[in-house]
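Chemist: Sharing a sequence plus its predicted fold:
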Amino acid sequence: MIHKYAELMGVTPEQIIEKNNKPEIAEIRFVYYKLRYDKHVRNYSKIAREVNRTPSSIMHGVKRINELLSIGDKEA
């Protein structure tokens, strides 16, 4: 799944997984977390293991994207 998503977003899977705090990469990563959570896994721990993060990092990313969507941020 991560390979197809990365290709669609114009980044590499490594960019999604690596510790990169550039806002544009972080938002792509957060959307990936949300898609995995909402559409597939529904388990923060499983997603965290997939991308070598903590479950709290996954929860933060999902929360951040939900906040952007709720305010109608055009970039989300």
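Modeler: Here it is on my side, so go on.
Chemist: So for the chain, the centremost residue is which one?
Modeler: For the chain, F30 is the residue whose C-alpha lies nearest the centre (CA atoms, centre = their mean; 2.6 Å).
Chemist: list the contacts for the nearest residue to that residue once chain neighbours are set aside?
Modeler: Nearest non-adjacent residue to F30, counting by CB to CB, 6 or more residues apart in numbering: G61, 3.6 Å away. Every residue, glycine included, has its C-beta placed from N, CA and C. Residues near G61 by CB atoms under 8 Å, 6 or more residues apart in numbering: A26, R29, F30, Y33, K34.
Chemist: Looking at G61 now. What's its pLDDT?
Modeler: G61 is assigned a predicted lDDT (pLDDT) of 96.
Chemist: Which positions within the host helix or strand of it qualify as buried?
Modeler: Taking DSSP states H and E as the definition, G61 sits inside helix 55-70. The neighbour-count check on helix 55-70 (16 or more other CB atoms under 10 Å) flags S57, I58, G61, V62, R64, I65, L68 as buried.
Chemist: just how off-centre is that helix within its chain?
Modeler: 8 Å (CA atoms, centre = their mean, to the nearest Å).
Chemist: Using PDB, write out every CA atom in that helix.
Modeler: What follows is helix 55-70, C-alpha atoms only, in PDB (Å, rounded to 0.1, in the frame of the first residue of the first chain):
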ATOM      1  CA  PRO A  55       1.300   4.800  18.100                       C
ATOM      2  CA  SER A  56       1.100   8.300  19.600                       C
ATOM      3  CA  SER A  57       2.900   9.700  16.400                       C
ATOM      4  CA  ILE A  58       0.200   8.000  14.300                       C
ATOM      5  CA  MET A  59      -2.600   9.400  16.500                       C
ATOM      6  CA  HIS A  60      -1.000  12.900  16.200                       C
ATOM      7  CA  GLY A  61      -0.900  12.600  12.400                       C
ATOM      8  CA  VAL A  62      -4.500  11.500  12.100                       C
ATOM      9  CA  LYS A  63      -5.600  14.200  14.500                       C
ATOM     10  CA  ARG A  64      -3.600  16.900  12.500                       C
ATOM     11  CA  ILE A  65      -5.200  15.900   9.200                       C
ATOM     12  CA  ASN A  66      -8.700  15.700  10.800                       C
ATOM     13  CA  GLU A  67      -8.100  19.300  12.100                       C
ATOM     14  CA  LEU A  68      -7.100  20.600   8.700                       C
ATOM     15  CA  LEU A  69     -10.100  18.900   7.100                       C
ATOM     16  CA  SER A  70     -12.500  20.300   9.700                       C
END
